[in-house]
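Chemist: after the sequence you'll find the predicted model.
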Amino acid sequence: MAVISICMATYNGEQFIREQIDSILAQISPDDELVISDDSSTDSTCSIITSYHDSRIVFLHNDSHNFKWNFYNALRHAKGEYIYLADQDDVWLPCKIQVCQQALRQYDLVVSDCILTDKSLNVIKPSFFSFYHSGPGIIKNCINNTYFGACMAMRRNVLEAAMPFPETIEMGHDIWLGLVAESIGKVKFLKQPLLYYRRHGLALTNLNQPLLTRSKRSLWTKIKSRFIVLYTIFNWRRQHKQC
């Protein structure tokens with residue numbers, strides 16, 4: 001049976017990480033792995049992780065101070081044929097791996113819907129897809145990315161094609177993997193919610209604001225950022241075709 005690798009990046013996640021780890025370990029076999037890369041946490045995150053004494057957990061220390069490169073550190077150590085991304089503060093529904101594995105028989109990368117909740121897992125919106133207009137499309141996602149890593153699972157060929165990650169800070173790890181997958185294979189957005197996507201004061205992504213006001217960057221900076229993303233993926237596609 002093919003090995004599954006779940007890759008998680010952590011930083012000061014003591015408040016919620018145990019619940020997330022428990023929801024993942026309950027679904028994976030003794031041969032699978034949960035690869036956790038911690039970016040120099042200063043709270044009890046590391047001690048919580050090491051308290052499990054579970055051979056399926058591969059614990060890595062990192063010092064990038066950047067969530068993209070923290071995920072990269074976890075991904076480059078993944079050994080599985082199937083790779084999942086996981087945030088430290090969510091909770092996976094019990095059927096997540098089963099549903100994704102079935103879809104990955106036909107697709108190179110899948111993105112599942114999720115249930116948006118507050119920090120106590122009270123439902124804010126029952127469908128992230130409906131709220132965020134999620135779906136495939138290179139141009140679409142360069143303009144408004146709906147490849148959210150917490151909801152993604154992929155075959156190893158996608159990860160290998162995407163390595164190494166682009167250096168630009170404008171290209172996040174999740175959108176890069178999604179765009180590469182669209183370029184080399186088939187992508188599926190699954191309408192079934194498979195996790196609780198927890199939003200709280202410490203979350204990196206602010207989903208409560210419209211697209212153009214979601215960050216404090218100027219409109220010109222946002223437009224420039226999207227051009228950089230477009231250029232990066234189309235330049236990669238051109239070079240990939242020449243290989």
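Modeler: Alright, I've got the coordinates.

Chemist: nearest the geometric middle of this structure, what residue?
Modeler: By C-alpha atoms, centre = their mean, the chain has its centre lying nearest to residue 149, at 1.8 Å.

Chemist: tell me how far that one lies from residue 164.
Modeler: For residue 149, the distance to residue 164 (C-beta to C-beta, to the nearest Å) stands at 17 Å. From N, CA and C alone the C-beta is placed, and that goes for glycine too.

Chemist: my guess is the residue nearest to the centre of the chain contacts residue 88. True?
Modeler: No: applying C-beta atoms under 8 Å as the test, residue 149 and residue 88 come out as separate, 11.5 Å apart.

Chemist: residue ranges with poor pLDDT in the chain?
Modeler: 201-216, 242-243 (pLDDT under 70).

Chemist: strands of that one, start to end?
Modeler: 4-10, 33-38, 57-61, 82-86, 91-92, 109-117, 123-125, 152-155, 187-198 (DSSP state E).

Chemist: quick one: which of those strands is nearest residue 238?
Modeler: Minimum separation from residue 238 across those (C-beta to C-beta) falls at strand 187-198, 20.0 Å.

Chemist: which other residues reach the biggest helix by length in the chain?
Modeler: Longest helix in the chain, counting residues (DSSP state H): helix 219-242. Helix 219-242 has contacts (C-beta atoms under 8 Å, 6 or more residues apart in numbering) with 138-139, 142-143, 161, 166, 168, 170-171, 175-176, 179-180, 183-184, 212, 215, 217.

Chemist: quick one: residue 41 and residue 12 touch, right?
Modeler: Yes: applying C-beta under 8 Å as the test, residue 41 and residue 12 come out as touching, 5.0 Å apart.

Chemist: looking at those two, which one has more neighbours?
Modeler: When neighbours are counted by other C-beta atoms under 10 Å, residue 41 and residue 12 differ, and residue 41 comes out ahead with 20 against 16.

Chemist: who's in contact with that one?
Modeler: 10, 11, 12, 13, 14.
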